[in-house]
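**Student:** sharing a model that was predicted from the sequence below.
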Amino acid sequence: MLLWIKVLSFGVCRKRNDRDQNLRHAHILFKQSALTFKKTFLALSGVVFISILVLSVLTFQYNKANENTSFWVRHTLTVLDQTEQLISMVEQDGSSGLSPDAQSGIQRLKELTGDNPLQQSRIDSLAFFFGRLAESPQYLSRSRILLDKIRQEENGLLAVREASNSSSRHLLRNAVMLLLGSTFLLLVALFVILLYHLNRRKKAEKRLDEAEERLGVILRNVKDHAIFMIDPGGRVMSWNKGAEAIKGYAEQEVIGKPISIFYTEEGNRNGEPAHNLRKAAEEGHFETVGLRRRKDGSEFWAAVYLTALYDDDGKLKGFAKITRDITEQKRAEDEMTRGLSREKELNEMKSRFVSLASHEFKTPLSVILSSASLIEKYQLPGTEERRKRHVQRIKSNVSNLTQILNDFLSIEKLEGGLVNNAPAMMDFPDFVREIIQDLHEACKAGQEIDLRISGRPEKIFVDAHLLRNVLINLLSNAIKYSPENSVVRFHISFEPRCLTFTVADDGIGIPLADQEHLFDRYFRASNTSGISGTGLGLSIVKKYLEILGGSIYMKSAPGEGTHFTVILPLAEPPEKDHPSQQPAQQPSMEPHFRP
């Protein structure tokens, strides 16, 4: 019962606030009733105890006073009895003298009246008169007079003491009656209050039981949250439909099982179940987000809330656990994060484009403007060679500008997912020769592109646009980073199921430390300062080859040139439009350069 109440206390079912409020109110009323009863019971018990104590003290005092007065009444009666005996002796003996019994009676009477000086004086006079009885009869009459006075005095004391004794008995009786009456009334009041609080407690318990029953129905039928109880040892104690839907276990399958079955193997190796329970016990509650495992072994992202539950004595009774499947939310967050990251990259790319454009466009445009101005001056015969040289410079710089723009356009299309693989049949040797012809004007003085083909050349089924960009980037780099009067070696090998081609140069090469970042966007080797470029070419090549299903390898050393090898798998066309031929293998004239 206490467990369900405390599950409610941290808001298990926030969607059902009205019923939760009723349960919280019933729980508070129940606790307040118990606390009020305890306080009232203790207060009345204290009043009863104090009242009994006070009345007991008064009763003791009255009883003591009664005993004292009773003692003096008995004492007075004894004195009177002894006086009457002496009077009888005097009447019997007369004037013949005092007998030994009379003398001892006088001594006894003197001892009894030791607290009364007046009586002591009279008894002394009486003893004197008794000693003179034989001398004169008048001493007998005097003795009788003294005895009458002693008797009258004692009778007076007896009346006073009996009155005092009667008053003491009356006070004692009243005190006892007051004590018994007060005790009875207090016990009746305590009994009435006890009945009242028991009735109130019963009503609170009934209301609490009803609220718990409603809450139990709610918890058992919640389907979007796994809500269950765990004992202090980490074993499942209860289960609901939400837990069954999210985790895949039926109630009879999971009761008594350790919660480690809900964690991934990595989570169990790291001791995550015990750690989470320990944190909840130490801090009262614990929240976490992580991967969890279903019965079928599949994993999902879960938001978990653990609350430690204690009894009224502060002893740990177990834990309440709420698990929510946030896989879709996590996926949406990841997509949003990727979208923001992509947007950030695009913004960075645009910023770099502006920076690179302002830098890379400035030099070619300056060269073009300068050459155009000089061409105007070379109009006379004999200046044709100079005009051609400046026209060549203009064409070369225009080609560089075109390549820069193509690189940026390619990156934008790749980032936007606009590049598709659209293969078609093509004559690859003619396609390559056309590219070399287009790049001829970009070559430096004395530079040549040495094309060699091995295997049986044939038409291939490939996206010509993507492959063209790959070849132009590789050949343009070889031309740009090689000196004048050098040879760029372009070797193609037709194989049964793939096409392999190598682009090699004897240029500046690539430092070893830079080679692992060579295909990163905007990266340029440390030895390329002073040579125009965007750092995008090789990253575009790699992306295009991934779309084509190919791969690229590189081997380079500073001052020894660079060798790129591309392996491109050949796909079969949907319908062959040419006869199948077995290619006649010919020995390769140049080795392939591979890592």
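**Tutor:** It's in.

**Student:** for the longest helix seen in the chain, packing partners?
**Tutor:** Using DSSP state H to define each element, the chain has its longest helix at helix 138-221. Applying 3 or more Cβ pairs under 8 Å, 6 or more residues apart in numbering; DSSP states H and E, one finds that helix 138-221 contacts helix 2-9, helix 17-93, helix 117-131. For every residue, glycine as well, the C-beta is placed using N, CA and C.

**Student:** and the next helix or strand past it?
**Tutor:** Counting by DSSP states H and E, the element after helix 138-221 in chain order, helix or strand, is strand 226-230.

**Student:** what ranges do the helices span in the stretch 351-500 of the chain?
**Tutor:** 362-377, 384-415, 428-439, 464-480 (DSSP state H, counting those that start in this stretch).

**Student:** could you find the closest non-adjacent residue to residue 162?
**Tutor:** residue 73 (5.5 Å; Cβ to Cβ, 6 or more residues apart in numbering).

**Student:** could you report the neighbour count for that neighbour?
**Tutor:** Residue crowding around residue 73 was assessed by other Cβ atoms under 10 Å; the count is 20.

**Student:** so what's it up against?
**Tutor:** 158, 161, 162, 165 (Cβ atoms under 8 Å, 6 or more residues apart in numbering).

**Student:** how much space separates the second one from residue 81?
**Tutor:** Here the distance between residue 161 and residue 81 works out to 15 Å (Cβ to Cβ, to the nearest Å).

**Student:** what about the two, which has more around it?
**Tutor:** More crowded of residue 161 and residue 81, by other Cβ under 10 Å: residue 161, with 21 against 12.

**Student:** quick check, the more buried one in contact with residue 68.
**Tutor:** No - in this structure residue 161 lies outside contact range of residue 68 using Cβ atoms under 8 Å: 9.6 Å.

**Student:** contacts only, for the closest residue to residue 572 other than its chain neighbours.
**Tutor:** Of all residues not flanking residue 572 in the chain, residue 461 sits nearest, at 6.7 Å (Cβ to Cβ, 6+ apart). Residue 461 makes contact with 423, 424, 425, 426, 570, 571, 572, 573, according to Cβ under 8 Å, 6+ apart.

**Student:** quickly check those residues for the two that are furthest apart.
**Tutor:** The distance between the two most remote of those (Cβ to Cβ) is 14.4 Å, for 426 and 572.

**Student:** quick one: which of those two has more around it?
**Tutor:** Each of residue 426 and residue 572 has its neighbours counted (other Cβ under 10 Å); residue 426 has more, 16 against 8.

**Student:** where's the spatially closest residue to the more buried one that is not a sequence neighbour relative to residue 503, distance?
**Tutor:** In space, and not counting its chain neighbours, residue 426 is closest to residue 464: 5.2 Å by Cβ to Cβ, 6+ apart. Counting by Cβ to Cβ, the gap from residue 464 to residue 503 is 18 Å.

**Student:** quick one: which of those two has more around it?
**Tutor:** Applying other Cβ under 10 Å to residue 464 and residue 503 shows that residue 503 carries more neighbours, namely 23 against 15.
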